[in-house]
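*Asks:* Pasted the sequence and its predicted model underneath.
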Amino acid sequence: MNNKSLAGIPLLLLGNKNDLEGHLPEKELITRMDLGSLKDRTVACFSISAKSQNRLDVALKWLTDLKPKK
């Protein structure tokens, strides 16, 4: 994820199955994936449930709010 060719390309990480006991919260996903080290990219991480559609709207809004580079 730190490849220089990916600089400037947004990254969206979705942690699925937040409807199940024992799922990882967003802060833990960010820590385990070392997302804080990505300084040259816009990064978002959401804990979701595809099954119940919990927080899918938030993730999709983040995607649609991205401004394309000119």
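*Replies:* Cool, got the structure. Residues are numbered from 1 along each chain as shown.
*Asks:* Can you read off the pLDDT for residue 31?
*Replies:* Residue 31 is assigned a predicted lDDT (pLDDT) of 96.
*Asks:* Would you quantify the distance from it to residue 1?
*Replies:* 14 Å (Cβ to Cβ, to the nearest Å). C-betas here are computed from N, CA, C, even on glycine.
*Asks:* mind listing what residue 17 touches?
*Replies:* Contacts for residue 17 (Cβ atoms under 8 Å, 6 or more residues apart in numbering) come out as 23, 49, 50, 51.
*Asks:* where does it fall, phi/psi-wise?
*Replies:* Dihedral pair for residue 17: phi 70, psi 30, per degrees, to the nearest 10.
*Asks:* Strands of this protein, residue ranges please.
*Replies:* Applying DSSP state E to the chain gives strands spanning 11-15, 43-47.
*Asks:* out of the ones you listed, nearest to residue 65?
*Replies:* Judged by Cβ to Cβ, the one of those that comes nearest to residue 65 is strand 43-47, at 9.9 Å.
*Asks:* list the helices and strands the closest one packs on?
*Replies:* When contacts are defined as 3 or more Cβ pairs under 8 Å, 6 or more residues apart in numbering; DSSP states H and E, strand 43-47 packs onto strand 11-15, helix 26-32, helix 56-65.
*Asks:* between these, which one is nearest to residue 39?
*Replies:* Once the helices and strands packed on strand 43-47 are compared by Cβ to Cβ, strand 11-15 is nearest, at 12.1 Å.
*Asks:* Can you list the buried residues in that closest one?
*Replies:* Buried residues in strand 11-15, counting neighbours by 16 or more other Cβ atoms under 10 Å, are found at 13, 15.
*Asks:* Also compute the angle for that strand relative to helix 56-65, please.
*Replies:* Relative orientation of strand 11-15 versus helix 56-65 (axes from the mean of the first three to the mean of the last three Cα atoms, to 10 degrees): 170 degrees.
*Asks:* now strand 11-15 and strand 43-47, what's the angle there?
*Replies:* Using the same axes, to 10 degrees, the inter-axis angle of strand 11-15 relative to strand 43-47 is 10 degrees.
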